[in-house]
Structure formats: structure tokens, C-alpha cells
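Asks: One predicted model, sequence on top.
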Amino acid sequence: MKSAWNNPSFIGEFLPSSRELTDRGFTAAWKVNQFNRNYPQEWYNDTYELYASSFGVKLLIPVDEYQKTMRTSKYGIMIILLTFVSFFMIEIFNKKALHPIQYLLIGLSLVIFYSILFGFIRIYVVSVFILNIKCACYSFNKLLHEQCILKG
């Protein structure tokens, strides 16, 4: 079998004995003898399940932009929630409340980051990246500074 499709999935009871996958397509060849199949070569007045020994190729569609966007949005929600949970846990363990503006800055930087990732704001990539770094540094620096004041 020869095809220009470059994402095959070999299915069924038998895998190809020889196959070649390239960017331009694939070629595959199967060698199946009578001893490998679960039905006789000839029969009369009996039915046999022929589908059990079938084999072939399933043409897979590669991951497209919509699947990538859906996956990114699901992981984005998870990362945003985990970030806020981690800061909340820092508050609990240090017994010191963070300022609501710190939560606002972190949430804003995460939302802007995922907006860029989705491609809504492509012009300001560098400036928003710097804004994310500044917000993170400010929050951690403020948190460490408050810990030093409480201990010392």
C-alpha cells in the first residue's frame, strides 16, 4: 500500500511486515499466511468471522490549531488556579496576609500571558513579558521582605 498521507495508524490483527514513513507519505506491505488466520482456506455451509483477522490503515488527522487552543485553554485555567492556590497556601503557612493588589497583579499578568498565548495581542509580546516578570519579582520580593521583618 502506498499513500501520500503522512500520519498513518496501522490497525487490525496484523502489522505490516515492511513499512516506510516519510514527510511525503508512507508505504506498507503485509505478508499473512494461512496459519496466522483463524479461519480455513475453504469452507462449505458454515460462516466464519472474517472481521476478526482484518488489518489495514487508519488515516490520522494531525493535531490542528483548534485542538491546540482547546488544550491550552484547559491548561491555562489549571495554571491560574494553581498559582492562586499556591499564594493562598503561602499566606496560610506564613500567617501573613498578602495585599489584594498583589493578587490583582498576579491575576492580571496571568490573564495577559494567556491572551498572548491565544494570539489576541501579538504586538506587545515583549512588554507584557517584562510586565509578567516585574509583577512576579515584586510579589516575591515583597513576600520575602515581609518575612525578614517578621523574623528579625
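Replies: That came through, no problem.
Asks: Please tell me how far the spatially closest residue to Phe87 that is not a sequence neighbour sits from Leu50.
Replies: Nearest non-adjacent residue to Phe87, counting by CB to CB, 6 or more residues apart in numbering: Leu98, 6.3 Å away. Where you see a C-beta, it was placed from the backbone N, CA and C, and this is true even at glycine. Distance, Leu98 to Leu50, using CB to CB, to the nearest Å: 68 Å.
Asks: The two - which one has more neighbours?
Replies: A direct count of neighbours by other CB atoms under 10 Å for Leu98 and Leu50 places Leu98 higher, at 17 against 10.
Asks: A strand includes the more buried one, no?
Replies: No: looking at Leu98 with DSSP: H, G, I helix; E, B strand; the rest coil, it is coil, so not inside a strand.
Asks: What values do phi and psi take at it?
Replies: phi -80, psi 150 (degrees, to the nearest 10).
Asks: quick one: it and Glu91 touch, right?
Replies: Yes: between Leu98 and Glu91 there is a contact under CB atoms under 8 Å: 5.6 Å.
Asks: what residue ranges in this structure score low on pLDDT?
Replies: Along the chain, the model assigns pLDDT under 70 to residues 34-36, 39-41, 45-49, 65, 118-126, 147-152.
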